[in-house]
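[1] missing the sequence, but the structure's below:
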């Protein structure tokens, strides 16, 4: 009834104002129109009765009008033939009639929220489209999937960083070297090791090695203050730390350290990769921390089964394959980085990793996308908006999948994404 009080400002004028605001004159905005002439007294027809009428309104999908015919109220549905099926229109009209009868006959109708019952077949289709539930038989830990990929894709590129490309075989051997160092440091499956180094191929290899040997990795943002890093390591009971050379002295008195720079310089001669660990599916593989914006960062324990479930679903649903290349921009302390690292390993794809000093430089991202023909982008909306603001109207046809998560993606950014990446599938999680 509040709307009825504003009846002098008609629906046509509402549309006109919306068109002005959006600068979208001539574009259909309201494809379904409901009009009523119940307020007008019915014409007295002594010799004729209404049998059939039809309306023709441009840019309208469905036009429903209601009017008095004698002592009855008639609803007349007009729709674009060929656009909607006759069965669908009949089902929609039946729902309308059932709802009106319930309003007239039920005493409780006006006291509870309105829930429109959909036809069984329509409900089935909607449920199927929205369902993300699927039985996944998870019988192996994450490291077993790694071992399979390292063997299957040994000659394919695994990591591109700077001017160097490392094959899966190269990463095999690097993991073996790190495994030797873990053993020499007395680390075993289930122990926790902090990863606090600059973004690099070495950083990625260290994390892969930890997971491969069943060691729980604790990623810590490189920009965290020293005391916060020490606090997090102590709370997580870390037995060792992988750190950049420039910060080694800060923590050498606190915990055993190995520098990321050492990782790539001591590859053993053997080409045989040590056997992976065999952790339980409910065992932890990582501990990540909240941002600490309200105080000290809080630790969150992540288990094998959860990440495997997410990775297998993503691999199938997004059709990830060994030709995919993902640009890895997300900080390793954030859970979205796990898709970049582990998702690419599982499908045999390639990680394109910018140097640490370029992780927030969209001009470098553009160069990397072009140079490596990147196909997958996964980040928070803010990083995508940085790219969109920098690339102007340039297009990147190689990008086929954009995953945006962790924050609100504004509609305007979504429109720009489809413009900049003409072949993209956009997923907002």
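    Looks like it arrived, so ask away. This is a predicted model, so every value here is computed, not measured.
[2] Show the contacting residues for the residue nearest to residue 361 when sequence neighbours are not counted.
    Once flanking residues are discounted, residue 361 sits nearest to residue 354: 7.6 Å by Cβ to Cβ, 6 or more residues apart in numbering. (Glycine included, C-beta is placed from N, CA and C.) Residues in contact with residue 354 (Cβ atoms under 8 Å, 6 or more residues apart in numbering) are 161, 199, 327, 328, 329, 361, 364, 365, 368.
[3] ok, so of the residues you listed, who is nearest residue 227?
    residue 199 (22.5 Å; Cβ to Cβ).
[4] How many neighbouring residues does that closest one have?
    The local packing of residue 199 (other Cβ atoms under 10 Å) involves 24 other residues.
[5] Hmm, it is touching residue 359, no?
    Yes - contact criterion Cβ atoms under 8 Å: residue 199 and residue 359 qualify, at 5.5 Å.
[6] got any residues that touch both of these two?
    Counting by Cβ under 8 Å, 6+ apart, the residues touching both residue 199 and residue 359 are residue 331.
[7] Contact partners for residue 237?
    Here residue 237 is in contact with residue 192 (criterion: Cβ under 8 Å, 6+ apart).
[8] can you pull the pLDDT of it?
    pLDDT for residue 237: 95.
[9] And it, how far from residue 323?
    According to Cβ to Cβ, to the nearest Å, residue 237 stands 41 Å off from residue 323.
[10] Then residue 337?
    Taken as Cβ to Cβ, the span from residue 337 to residue 323 is 22 Å.
[11] Mind checking which of these two has more residues around it?
    Applying other Cβ under 10 Å to residue 337 and residue 323 shows that residue 337 carries more neighbours, namely 21 against 12.
[12] wait, residue 278 sits on residue 142?
    No - when contacts are counted by Cβ under 8 Å, residue 278 is not listed as touching residue 142 (11.3 Å).
[13] Between the two, tell me which one has more neighbours.
    residue 142 (26 against 12).
[14] For the more buried one, give me its contacts.
    By Cβ under 8 Å, 6+ apart, the neighbours of residue 142 are 211, 285, 304, 307, 308, 311, 342.
[15] Run a quick neighbour tally on residue 86.
    Neighbour tally, residue 86, other Cβ under 10 Å: 9.
[16] Residue 378 - that's part of a strand, no?
    Yes - under DSSP: H, G, I helix; E, B strand; the rest coil, residue 378 sits within a strand.
[17] Quick check, it in contact with residue 326.
    Yes - the criterion here is Cβ under 8 Å, and residue 378 meets it with residue 326 at 6.3 Å.
[18] shared neighbours, these two?
    339, 340.
[19] For residue 113, list the residues it contacts.
    By Cβ under 8 Å, 6+ apart, residue 113 has no neighbours at all.
[20] Kindly state the pLDDT recorded for it?
    At residue 113, pLDDT is 88.
[21] Report the buried residues of the longest helix that the chain contains.
    In the chain, taking DSSP state H as the definition, the longest helix is helix 86-105. Buried residues in helix 86-105, defined by neighbour count with 16 or more other Cβ atoms under 10 Å: residue 92.
[22] got it, and stretch 312-330?
    Quick answer for stretch 312-330 (16+ other Cβ under 10 Å): 312, 314, 315, 318, 320, 324, 325, 326, 327, 328, 329, 330.
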